[in-house]
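Trainee: Mind folding the following:
(chains A and B)
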There are 2 protein chains.
Amino acid sequence: LDNFSWFNAFKEMGLRVREAAQEIIGDNRAGEPLGEGASGDITFAVDKRAENAIITVLEEARRAGESFTFISEELGEKDYGNRDVVIIADPIDGSNNAKFGMPYYSTSIALAVGRNLSDVVLGYVMNLATGDEFWAMKGQGAYKNGIRIKPREEHPTRMVNFECSDPSCHLPGAMALLTIFDKVRWLGSTALDLAYLASGSTDAVYVATASRSFDYAAGWLLVEESGGVITDTTGKPLDGTPLGIVRTRPILAAATPELHKEALAAVGVD
Amino acid sequence: LDNFSWFNAFKEMGLRVREAAQEIIGDNRAGEPLGEGASGDITFAVDKRAENAIITVLEEARRAGESFTFISEELGEKDYGNRDVVIIADPIDGSNNAKFGMPYYSTSIALAVGRNLSDVVLGYVMNLATGDEFWAMKGQGAYKNGIRIKPREEHPTRMVNFECSDPSCHLPGAMALLTIFDKVRWLGSTALDLAYLASGSTDAVYVATASRSFDYAAGWLLVEESGGVITDTTGKPLDGTPLGIVRTRPILAAATPELHKEALAAVGVD
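Mentor: This next block holds a predicted model:
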């Protein structure tokens, strides 16, 4: 498949994930634990249903003659005949929100023509609670619901999205950064935070917990293609990050290079 | 109108607010500042459009012979012939999210047969990003999307929603409370937080900033009618709070009396 055909496949995956998830979100079934997934987190029923919806579309592509590798939070890695074309997904990013019915969770899917983050050429994120879609194609910009996202001309400090996996972690160390901004949000889906950063709704994203590349592969391209900057929290590029299910690094992303520099300075990096 | 007729009027307001808001959210018009509202906050275009949508329905009721008073964030108080039947609304709760396009903002509308919070007999909250509706009628329970919410049998500590108006305020003082819970969210709409508490998606809500009664009049009844407890952060009941646009008190709400007691103890109240 060419990139445009994969884009259409990703949109189909997004719709099927949303349908599959909505059937069980809001009742007790979404949060049913099914054991530990490949990434080490507990897989819940909603995660598995979402992953299965993606696999259904991938297997259609495989039957049509495509070859690729699928990397995903729950199953780990599955070889469909080509190790160097990678589909990497977090079927549900924001699983806790999805389990409980808090309306901020997404599906995140990326295509890479190689095994590192810098090989990602297509990123797709759907807000499963609202249906909003975000995508980016390498060298061709970022989009929200079909409308091209314009790079920012200003360096606003209206809002920052903070994430960390538990309340006691890293908050004191983050205060100097958070207080640059007028408003803080802590919403629970890194992929969606990066999509809203790319599309201009928030101005920076600080993920204190080390993330996995499937959490940010699509968001990374969305931020890059919208004129933003995304690195780890010491300012190092993420480009060489291997695509896989291991935890890599905490993340700092900002709407513009100037704002990213200011945010790095706040966390003590010159 | 009887309470059931007001309920139908509130649903109509919710639909019209959603339509009016969605037309301008996501472009630059939603955040256009229109000057200071009656409550002292800046009124943005999205707030005013939402209030106007509510007023349209209220004026239909007035023409049909109803008399009441309307209290709202932007216009303050308007007398439609009866001071002791109060409709109190926050047309957009979560204005900053709405302005920027972060998908967590609501409209909150309550009916009171008197001038205090304890006189509220009907509360309605709509999540304007998803369309989810929450309502409660005094003595008749709380509902989400038409389904009766069951009181909790357990006292889970899965998630707490924290709110405060700026990042430097109150966070250190809140840490002892936040760390009782597995997950923290900071989402930006108190009315919606209380609705998701009532409906079982989150387990407690801590609003460190003093709130106005229009922010929590509907949410107060939703929490009470779902078996939860809602007080100020010292444990004092909010029942006697006058309905109006002045800031009153910070809020602590929890899914069950037992959990509320535990949360109060964490903030140093015996």
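Trainee: buried residues in the biggest strand by length in chain A?
Mentor: Scanning chain A for the longest strand, with DSSP state E as the assignment, gives strand A:76-93. Applying a neighbour-count criterion of 16 or more other C-beta atoms under 10 Å in any protein chain shown, one finds A:Tyr80, A:Val85, A:Val86, A:Ile87, A:Ile88, A:Ala89, A:Asp90, A:Pro91, A:Ile92, A:Asp93 buried in strand A:76-93. The way it works is simple: take the backbone N, C-alpha and C, and place the C-beta from them, glycine included.
Trainee: what pLDDT does the third one get?
Mentor: Just to be clear, that refers to A:Val86. pLDDT for A:Val86: 98.
Trainee: Can you tell me, leaving aside adjacent residues, what's nearest to it?
Mentor: A:Ala112 (4.3 Å; C-beta to C-beta, 6 or more residues apart in numbering or on different chains).
Trainee: same question, the last one
Mentor: Leaving out its chain neighbours, the residue that sits closest to A:Asp93 by C-beta to C-beta, 6+ apart is A:Ala191, at 4.0 Å.
Trainee: what about that neighbour, how many neighbours?
Mentor: Each residue near A:Ala191 was counted by other C-beta atoms under 10 Å in any protein chain shown, and the total is 32.
Trainee: model confidence over the particular helix or strand that has it in it, on average?
Mentor: Element membership of A:Ala191, judged by DSSP states H and E, is helix A:190-198. On average, the pLDDT along helix A:190-198 is 98.
Trainee: Distance from the chain centre to it, please.
Mentor: Taking C-alpha atoms, centre = their mean, to the nearest Å, one finds the center of helix A:190-198 at 7 Å from the center of the full chain.
Trainee: Give me the nearest residue to whichever residue of the stretch 1-150 of chain A sits closest to chain B, chain neighbours excluded.
Mentor: Distances between the stretch 1-150 of chain A and chain B by C-beta to the nearest C-beta are smallest at A:Gly101, namely 4.0 Å. Once flanking residues are discounted, A:Gly101 sits nearest to B:Ser201: 4.0 Å by C-beta to C-beta, 6+ apart.
Trainee: what are the phi and psi angles of the one you found?
Mentor: With angles defined as degrees, to the nearest 10, B:Ser201 sits at phi -80, psi -30.
Trainee: Likewise for the one 4 residues further on?
Mentor: Its backbone dihedrals place B:Val205 at phi -130, psi 130, with angles given as degrees, to the nearest 10.
Trainee: follow-up on the earlier one: I figured the residue of the stretch 1-150 of chain A closest to chain B hits A:Asn28, correct?
Mentor: No. With contact defined as C-beta atoms under 8 Å, A:Gly101 does not reach A:Asn28; the gap is 10.5 Å.
Trainee: Who has more neighbours out of those two?
Mentor: Per other C-beta under 10 Å, whichever of A:Gly101 and A:Asn28 has more neighbours is A:Gly101, with 20 against 10.
Trainee: Which residues are in contact with the more buried one?
Mentor: A:Ile25, A:Gly26, A:Ala30, B:Tyr196, B:Ser199, B:Gly200, B:Ser201 (C-beta atoms under 8 Å, 6 or more residues apart in numbering or on different chains).
Trainee: cool, and A:Asp270?
Mentor: Here A:Asp270 is in contact with A:Leu264 (C-beta under 8 Å, 6+ apart).
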